[in-house]
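Asker: Quick check, what structure comes out for this input:
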Amino acid sequence: MPLPPAPTQRASRLSRKAIDALAPAAEPSEPVAELAPPVKTAAPRRRKADVTPAAVQAPAPVTVQTPAVVNDKPAPVRTRKAKSSGPTKLFVLDTNVLMHDPMSLFRFEEHDVFLPMIVLEELDGHKKGMTEVARNARQASRSLDSLAAAQGADMGQGLPLNTTGFTEATGKLFFQTQPLDLRLPMALPQGKADNQILGVVSALVQMHTPREVVLVSKDINMRVKARALGLQAEDYQNDKTLEDGDLLYSGALALPTDFWSKHGKSVESWQQGSHTFYRISGPVVPQLMINQFVYFEAPGEPGLYARVTEIRGKTAVLRTLKDFTHQKNALWGVTARNREQNFAMNLLTDPDVDFVTLAGTAGTGKTLMALAAGLTQVLDDRRYTEIIMTRATVSVGEDIGFLPGTEEEKMGPWMGALDDNLEFLAKGDGGNAGEWGRAATNELIKSRIKIKSMNFMRGRTFMNKYVIIDEAQNLTPKQMKTLITRAGPGTKIICMGNLAQIDTPYLTEGSSGLTYAVDRFKGWAHGGHITLARGERSRLADFASEVL
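Answerer: Got it, this is the predicted structure:
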């Protein structure tokens, strides 16, 4: 069955005649010219890498029928957030890597990068259109043109990658400037673009042994075929914020059971308004971040629920929280039902916190709490002028086609969660006001809530608005940046999502825009995050989220 259009698909293919023209067999009497001078043995350099740790292993033996000839300089391998030791390596980039991240050329630090000729052909075939893939292909082509047009550039000797301002990229870019013998096992059709790239990689391995030559591709099947041929192949890891979703910053920290015995003697406390402040020092301080929540729970001892407001050297200041579990502090009739919800409501109602991220499984109350806090601050406190709500329009199943009406009417079917929660909030606030009272409440609420599409956010500025971004796990880091940078003076942005329910193709927990935002904003004095762990929707929903 044909695959859907994606960066891993290949549009351009070379005919058999073109392949023969590109790859004539080398005469035995003629020396094979290299693209780059032989690699000199240098002292190992320790730098970060952009490919998984498997890329640092010794090159596997190549099991091809005929040794391929290649004219290129080896490029080194990077492992994300890990230090590589030894000589630099040669990375052969697949087309889908450039179409996924057009700046990937400059992400390999001291290592070299090699582009087969078929990659340039495929970039040319994908450059037309208004899709994200087409834009990335055009941007990658412009980067290649800038490198080739730099003063003193010599393709035969390799193009320095730092000539266009990317100072961390100290390696070189090499092109396939001479015909190569791309013969592979008969089981692999010679005319397929993937197989031509594999032929180039095998030729590079033969030429530059013992230097490591690694194929970098986003195509899983491509990597599997490469490993079946004994070639090193790795996924492009630079787009991943985290290798493991379990490492995501949770926003809360449980204090050890011996906290008071170790820190009690040096604790200073004072009262300011309705809050109590504690200045602590000790072994727990290096683990803390600004706006991180801490809690102490032990049988027979009073609990402590606080937020870190200041860190100076080896001391930190904790401020106790407002108790939203009590009915007197309810937001539009909504009270916190567990510890994490209480933490979230403190963030949502704090005017000094401009950016809040909420992560959690289905039924943890993310949308309900965000709406309740927004309505309280818009209608009661008059802190913001209105609520603006948007979300990623990614369907779970098949698309139902075009939707009629205005922008808000088209967004209506995507906002079922908004309608459900508004119905609950209006009922809880109106009490026994009757049908007319509930209708008036609904009209008042809807007059202060605007539903906007993300497609028209570019160039906008929101001033004194309460912005809710729902289903943020389906956003790419680029889309997340576009939305957050819309914030003007007095605006608060709430991003919510469930990382276990990503519907966008090619996004994972590690590369989601929500993960990206949480990781980049942790520790900022005006941002906060909390991961909601316990569902409160119903016993059926809670059980389903655990076992399904």
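
Asker: neighbours around the residue nearest to residue 383 when sequence neighbours are not counted, how many?
Answerer: The shortest distance from residue 383 to any residue other than its chain neighbours is 4.3 Å, reached at residue 377 (CB to CB, 6 or more residues apart in numbering). In this view, the C-beta of every residue, glycine as well, is placed from N, C-alpha and C. By the criterion of other CB atoms under 10 Å, residue 377 has 19 neighbours.

Asker: With the one 3 residues further on instead?
Answerer: By other CB under 10 Å, the residues close to residue 380 number 10.

Asker: tell me which residues of the lengthiest strand in the chain are tucked away?
Answerer: When the chain is parsed with DSSP state E, its longest strand is strand 301-312. Residues of strand 301-312 classed as buried: 304, 305, 306, 307, 308, 311 (neighbour count, 16 or more other CB atoms under 10 Å).

Asker: Mind listing the strands the following helix or strand past it pairs with, and their directions?
Answerer: Later in the chain than strand 301-312, the nearest helix or strand by DSSP states H and E is strand 315-320. Taking DSSP bridges as the criterion, strand 315-320 forms sheet pairs with strand 275-281 (antiparallel), strand 301-312 (antiparallel).

Asker: for the record, mean pLDDT for strand 315-320?
Answerer: Strand 315-320 comes out with an average pLDDT of 92.

Asker: Quick one: distance of it to the chain centre.
Answerer: Centre-to-centre, strand 315-320 and its host chain are 31 Å apart (CA atoms, centre = their mean, to the nearest Å).

Asker: returning to what we had before: which outside residues touch the longest strand of the chain?
Answerer: For strand 301-312, contacts defined as CB atoms under 8 Å, 6 or more residues apart in numbering pick out 255, 260, 277-278, 285, 288-297, 316-321, 339, 342-343, 346.

Asker: Kindly report the same for stretch 281-289.
Answerer: 249, 253, 255-256, 259, 262-263, 266, 294, 308, 311, 314-316, 522-523.

Asker: buried residues in that stretch?
Answerer: 282, 284, 285, 288, 289.

Asker: max-length helix in this protein?
Answerer: Among the segments of the chain that qualify as a helix by DSSP state H, the longest is helix 132-149.

Asker: who touches that one?
Answerer: Among residues not part of helix 132-149, those counted as contacts by CB under 8 Å, 6+ apart are 5-7, 98-103, 105-106, 115, 120, 123-124, 126-128, 153, 155, 159, 161, 163-164, 173.

Asker: First-to-last residue distance for stretch 292-304?
Answerer: Taking CA to CA, to the nearest Å, stretch 292-304 runs 14 Å from one end to the other.

Asker: still on that earlier bit, show the subsequent helix or strand relative to the longest helix of the chain.
Answerer: strand 159-160.

Asker: Neighbouring strands - and their directions - for that next one?
Answerer: strand 172-175 (antiparallel).

Asker: what is the rounded mean pLDDT of the strand it pairs with?
Answerer: What strand 172-175 shows for mean pLDDT is 90.

Asker: Stretch 185-200 too?
Answerer: The model assigns stretch 185-200 a mean pLDDT of 82.

Asker: Quick one: end-to-end length of it, please.
Answerer: Length of stretch 185-200, first residue to last, CA to CA: 13 Å.

Asker: repeat for stretch 155-170
Answerer: 16 Å.

Asker: same check, this time on stretch 273-284
Answerer: Stretch 273-284: ends 27 Å apart by CA to CA.

Asker: now it: mean pLDDT?
Answerer: For stretch 273-284, mean pLDDT rounds to 87.

Asker: Mind listing what's buried along the longest helix of the chain?
Answerer: 133, 136, 137, 138, 139, 140, 141, 143, 144, 147.

Asker: Single out whichever of those has the smallest pLDDT.
Answerer: Lowest pLDDT of those: residue 133, 83.

Asker: ok, back up a step: any quick PyMOL command for the buried ones out of the contacts of helix 132-149?
Answerer: The PyMOL command for the buried members of the contacts of helix 132-149 (criterion: 16+ other CB under 10 Å) is given here:
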select buried, resi 7+98+99+100+101+102+105+106+115+120+123+126+127+159+161+163+173
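
Asker: Please narrow the contacts of helix 132-149 to those residing in helices.
Answerer: 98, 99, 100, 120, 123, 124.

Asker: Could you find the lowest-pLDDT member of the residues you listed?
Answerer: pLDDT across those is at its lowest for residue 100, which sits at 84.

Asker: From residue 516, how far off is residue 483?
Answerer: 12 Å (CB to CB, to the nearest Å).

Asker: List phi and psi for the spatially closest residue to residue 212 that is not a sequence neighbour.
Answerer: Nearest non-adjacent residue to residue 212, counting by CB to CB, 6+ apart: residue 89, 4.3 Å away. Main-chain torsions, residue 89, degrees, to the nearest 10: phi -120, psi 170.

Asker: List of residues touching stretch 330-342?
Answerer: Here stretch 330-342 has contacts from 252, 295, 305, 321, 323-327, 329, 344-345, 349, 360, 364-365, 368-369, 372-373, 375-376, 425, 428-429, 530-534, 536, using CB under 8 Å, 6+ apart.

Asker: Just the buried ones from the residues you listed?
Answerer: 252, 295, 305, 321, 324-325, 344-345, 349, 360, 364-365, 368-369, 372-373, 375-376, 425, 429, 530-532.

Asker: can you pull the buried residues of stretch 346-364?
Answerer: 346-350, 353-361, 363-364.

Asker: Export that stretch to CSV, keeping only CA atoms.
Answerer: Taking C-alpha atoms only, stretch 346-364 is exported to CSV below (Å, rounded to 0.1, in the frame of the first residue of the first chain):
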residue,chain,number,x,y,z
ASN,A,346,-1.7,28.3,42.0
LEU,A,347,0.2,28.8,38.7
LEU,A,348,-2.9,29.6,36.7
THR,A,349,-4.0,32.4,39.1
ASP,A,350,-0.6,33.9,39.8
PRO,A,351,-0.3,37.2,37.8
ASP,A,352,3.5,37.0,38.0
VAL,A,353,3.5,33.8,35.9
ASP,A,354,3.2,34.5,32.2
PHE,A,355,3.6,31.1,30.8
VAL,A,356,2.1,27.8,32.2
THR,A,357,2.4,24.3,30.8
LEU,A,358,0.1,21.5,32.0
ALA,A,359,0.7,17.9,31.0
GLY,A,360,-1.3,14.9,32.0
THR,A,361,-3.4,12.0,30.9
ALA,A,362,-7.0,12.3,29.9
GLY,A,363,-9.4,13.4,32.6
THR,A,364,-6.8,15.1,34.9
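
Asker: ok, residue 238 to residue 165 distance?
Answerer: Distance from residue 238 to residue 165, by CB to CB: 18 Å.

Asker: More neighbours: which of the two?
Answerer: Set residue 238 next to residue 165 and count neighbours by other CB under 10 Å: residue 238 wins out with 20 against 8.

Asker: and that one, what pLDDT?
Answerer: 77.

Asker: Secondary structure element holding it?
Answerer: If you go by DSSP H and E, residue 238 is not part of any helix or strand.

Asker: do residue 195 as well
Answerer: Using DSSP H and E, residue 195 sits in helix 193-208.

Asker: what separates the residue nearest to residue 383 from residue 465, distance-wise?
Answerer: Applying CB to CB, the value for residue 377 to residue 465 is 11 Å.

Asker: so what's in contact with the two at the same time?
Answerer: Common contacts of residue 377 and residue 465 (CB under 8 Å, 6+ apart): residue 384.

Asker: which stretches of the stretch 201-350 of the chain form helices?
Answerer: 220-228, 259-263, 339-348 (DSSP state H, counting those that start in this stretch).

Asker: so where's the stretch 1-150 of the chain uncertain?
Answerer: The model of the stretch 1-150 of the chain has pLDDT under 70 over residues 1-86.
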